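1. Any chance you can model this:
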Amino acid sequence: MNIYRLAWRNLIRSRKRSILTAAAVTVGAASIVLFGGYVAANIKGLQTITVRQVGHLQISARGYSDFGRSAPGDYAVDQPEKLVAALKADPVVGPLIRQTSSQVQLQGIAGNYEKGVSSPFLGLGVDPAERAAMLRWDGLHTGIPPGVSGLKSGDDAAGVIGVGLSQMLMLCDDLRIADCKRRQIQAPVDAAAPDPSLQALAASARPADAAGTQHPEIEVLTATANGAPNVLRLDLLKSERQPVKEIDAAYLAMPLRFAQRLIFGTTQGKVTGVVVQLQRTSDLEQAKRLLKARLADWPQPLEVTDFHELAPVYYQVDSMLRSFFNFIAGLMVTITFFSIVNTINIAINERVAEIGTLRALGFDRSFVLKMFMIEGSTLGLVGALIGAVAAALIAEYGINLVGWTWTPPGRSVAVPVSIDVFGSPWLVVGCVLALTLVACLSSLGPARRAARLEVVEALRHA
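-> Alright, predicted model coming up:
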């Protein structure tokens with residue numbers, strides 16, 4: 001007797017109960033696949049945005065992450081062009097690299113001295129062309145539109161300011177910010193005149209090609225690498241709202257050469273870090289290991305940091321989404337387990353006499369055990385397959401075409417709501433195999449009870 005055919009016929013015989021049980025498994029499988037695809041799409045989107053902003057790896061002087069902000073001159077990277085050229089020329093490391101970008105991180109005081117206001121800022125100096133190239137990375141094929149840096153190539157004295165900092169410096173009207181909040185109490189008139197020494201310093205340091213600009217200006221005051229004050233005027237191209245209020249109230253982006261002049265004076269070439277963007281995130285660990293090996297003999301002690309350390313919010317959100325998925329998957333597995341247990345128990349209670357007849361005909365206990373486990377596994381497999389296929393169709397021809405958007409944590413730009421099912425084949429295969437295995441294991445207990453029935457006692461139910 002074919003045990004598989006017999007198990008299938010028993011399921012068909014109790015058609016209504018089998019359909020209801022398979023439906024419960026179907027709902028569980030569809031829920032796991034849909035939510036898993038949603039989590040996978042969000043993690044890919046979050047990683048794409050993070051890598052565009054901070055790259056995969058950052059090379060900096062050893063100790064910069066701990067002390068560099070307070071002493072950038074002591075923790076500056078010398079000759080970054082030579083470093084980048086050496087990495088790109090390396091036959092092993094070079095092919096892994098997509099884009100590099102030198103940067104200068106700085107802090108100081110931004111002032112609008114005409115209106116007598118100033119505020120602390122956290123600045124970032126980058127090359128506009130390199131920054132624009134980094135914002136186009138889409139190694140995970142998410143389809144998220146490229147970011148816009150706002151900086152202009154060829155203009156070394158024009159930057160971008162956060163909306164919050166614009167409000168602090170009373171630049172709402174100058175930058176034509178629609179939703180900008182304006183101060184109700186104006187600064188006193190006698191505070192509007194800038195310090196003559198700072199005014200003279202800013203005028204003397206003004207780039208020659210910046211005269212006659214039509215953009216609003218601010219004065220940027222920092223301490224040089226030697227600790228002396230330095231101030232330059234910066235044209236403002238636009239104002240961009242940052243996702244975190246505290247960052248928005250201090251954000252100031254500027255061209256790399258402008259930032260270098262602020263910190264290192266006329267000494268050009270030094271930076272606080274070199275950002276490395278890879279072709280693929282899957283090469284991260286290999287690239288990090290190779291970079292550390294290549295830089296071990298570099299004349300200057302350097303360290304390599306990956307984006308998990310540079311942007312800890314990525315790891316936090318990633319862990320949160322994965323914990324949500326594990327919770328949902330656990331619930332669906334529990335529902336599947338008890339649904340199969342209940343169905344197999346009812347089937348055994350209805351077929352005690354049949355079990356006795358099979359045993360009387362010479363079939364051993366293992367045959368009865370396997371028969372009921374096959375019935376449970378079949379219900380799990382059929383329900384999981386239907387649920388996975390249904391989830392894929394709902395995702396691809398429903399949710400992904402609706403056009404819903406949402407703004408991820410720590411971001412200011414909305415991204416489309418999508419469910420990545422076909423991009424995560426492990427999710428579908430793993431879901432089907434896991435639920436089938438759970439159905440098989442949940443059938444084991446009732447099946448063992450059926451196999452242990454005594455033949456005489458079972459035949460009495462006839």
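
2. quick one: low-confidence ranges for the protein?
-> With pLDDT under 70 as the threshold, the chain has low-confidence stretches at 1, 184-213, 266-268, 408-413, 461-462.

3. Would you mind identifying the next helix or strand past the lengthiest strand in it?
-> Taking residue count as the measure and DSSP state E as the definition, the longest strand of the chain comes out as strand 97-112. Later in the chain than strand 97-112, the nearest helix or strand by DSSP states H and E is strand 117-126.

4. tell me the angle that following strand makes with strand 97-112.
-> Per axes from the mean of the first three to the mean of the last three CA atoms, to 10 degrees, the angle that strand 117-126 makes with strand 97-112 is 160 degrees.

5. helices or strands up against strand 117-126?
-> For strand 117-126, the helices and strands in contact under the criterion 3 or more CB pairs under 8 Å, 6 or more residues apart in numbering; DSSP states H and E are strand 97-112, helix 163-168, strand 217-223, strand 251-255, helix 256-264. To be clear about C-beta, it is placed using only N, CA and C from the backbone, and glycine gets the same treatment.

6. one step back: which positions within the longest strand of the chain qualify as buried?
-> Residues of strand 97-112 classed as buried: 97-106, 108-112 (neighbour count, 16 or more other CB atoms under 10 Å).

7. for those residues, which one is nearest residue 438?
-> Looking at the buried residues of strand 97-112 and their distance to residue 438, the nearest is residue 98, at 42.2 Å (CB to CB).

8. Might you report the residue contacts of the closest one?
-> Applying CB atoms under 8 Å, 6 or more residues apart in numbering, we find residue 98 in contact with 137, 139, 277-279.

9. So residue 145, which state does it fall into?
-> When the structure is split into helix, strand and coil by DSSP: H, G, I helix; E, B strand; the rest coil, residue 145 lands in coil.

10. Ends of stretch 290-310, what's the gap?
-> The first and final residues of stretch 290-310 sit 19 Å from each other (CA to CA, to the nearest Å).

11. Then stretch 123-131?
-> 15 Å.

12. buried residues in that stretch?
-> By neighbour count, and taking 16+ other CB under 10 Å as the criterion, the buried residues in stretch 123-131 are 123-128, 130-131.

13. would you turn those into TSV with distance to residue 448?
-> Converted to TSV, those look like this (distance: CB to CB, whole Å):
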residue	distance to residue 448
123	70
124	66
125	71
126	67
127	70
128	71
130	66
131	65
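
14. ok, which pair from the residues you listed is furthest apart?
-> Across the buried residues of stretch 123-131, the two members that end up farthest from each other (CB to CB) are 123 and 130, 16.7 Å apart.

15. The residue lying closest to residue 453 once chain neighbours are set aside: neighbour count?
-> Leaving aside its sequence neighbours, residue 453 sits nearest to residue 355 (CB to CB, 6 or more residues apart in numbering; 5.6 Å). Using other CB atoms under 10 Å as the criterion, residue 355 is surrounded by 21 other residues.

16. how close does residue 355 sit to residue 10?
-> Taking CB to CB, to the nearest Å as the criterion, residue 355 is separated from residue 10 by 11 Å.

17. same thing with residue 318?
-> Following CB to CB, the distance that separates residue 318 from residue 10 is 45 Å.

18. Could you do residue 372 as well?
-> Going from residue 372 to residue 10 by CB to CB gives 9 Å.

19. if we can go back for a sec, which of the contacts of residue 98 lies closest to residue 237?
-> Lowest distance from residue 237 to the contacts of residue 98 (CB to CB) belongs to residue 137, with 23.0 Å.

20. State the number of residues packed around the closest one.
-> 23.

21. And the one 5 residues further on, by the same measure?
-> One way to gauge burial is a neighbour count; for residue 142, by other CB under 10 Å, it gives 20.

22. List the contacts of it.
-> Neighbours of residue 142 in contact, by CB under 8 Å, 6+ apart: 41, 44-45, 48.

23. Swap in 6 Å and give it another go.
-> Residue 142 is in contact with 44-45, 48, counting by CB atoms under 6 Å, 6 or more residues apart in numbering.

24. Would you verify that residue 160 is located in a helix?
-> No: in this structure, residue 160 is strand, not part of a helix, as judged by three-state DSSP.

25. Can you tell me the element the residue nearest to residue 453 falls in?
-> Residue 355 is located in helix 352-360, with elements delineated by DSSP H and E.

26. Give the phi and psi angles for residue 115, as a check.
-> For residue 115, the backbone dihedrals (degrees, to the nearest 10) come out as phi -110, psi 10.

27. Can you tell me the closest non-neighbouring residue to it?
-> For residue 115, the nearest residue in space outside its immediate sequence neighbours is residue 170; the separation is 4.8 Å by CB to CB, 6+ apart.

28. And the helices in the stretch 251-400 of the chain?
-> With DSSP state H, counting those that start in this stretch as the definition, the stretch 251-400 of the chain shows helices at residue ranges 256-264, 284-295, 307-310, 312-350, 352-360, 365-394, 400-402.

29. Please point out which parts of the first one sit buried.
-> For helix 256-264, the buried set under the neighbour-count rule, 16+ other CB under 10 Å, comprises 256, 258-264.

30. Okay, angle between the helix or strand where residue 12 lies and helix 312-350 too, please.
-> Take DSSP H and E as the rule and residue 12 turns out to sit in helix 3-13. Using the same axes, to 10 degrees, one finds that helix 3-13 and helix 312-350 are set 90 degrees apart in direction.

31. contact partners of helix 3-13?
-> Applying CB under 6 Å, 6+ apart, the contact partners of helix 3-13 are 18, 370-371, 374-375.

32. closest to residue 307 among these?
-> residue 374 (48.4 Å).

33. The nearest residue to that closest one once chain neighbours are set aside and residue 434, how far apart?
-> Leaving aside its sequence neighbours, residue 374 sits nearest to residue 7 (CB to CB, 6+ apart; 4.2 Å). In this structure, residue 7 and residue 434 are separated by 21 Å, where distance is defined by CB to CB.

34. what do you get for residue 423?
-> 19 Å.

35. got it, and residue 295?
-> In terms of CB to CB, residue 295 sits 43 Å off from residue 434.

36. how near is the nearest residue to residue 69 once chain neighbours are set aside to residue 360?
-> With CB to CB, 6+ apart as the measure, residue 107 is the residue that lies nearest to residue 69, at 6.6 Å, once sequence neighbours are left out. Taking CB to CB as the measure, residue 107 and residue 360 are separated by 88 Å.

37. Could you do residue 24 as well?
-> The value you get for residue 24 to residue 360, if CB to CB is used, is 34 Å.

38. Weed out the non-buried ones from the contacts of residue 142.
-> Buried positions within the contacts of residue 142, assessed by neighbour count (16+ other CB under 10 Å), are 44-45, 48.

39. could those go into CSV alongside secondary structure and distance to residue 299?
-> As requested, these are exported to CSV (DSSP: H, G, I helix; E, B strand; the rest coil; distance: CB to CB, whole Å):
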residue, secondary structure, distance to residue 299
44, helix, 39
45, helix, 40
48, helix, 35
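
40. of all those, which comes closest to residue 428?
-> Of all those, residue 428 sits closest to residue 44, with 16.3 Å by CB to CB.

41. Quick check: phi and psi at the closest residue to the closest one other than its chain neighbours.
-> Closest residue in space to residue 44, ignoring its immediate chain neighbours: residue 140 at 4.5 Å, by CB to CB, 6+ apart. The phi and psi torsions at residue 140 (degrees, to the nearest 10) take the values phi -100, psi 0.
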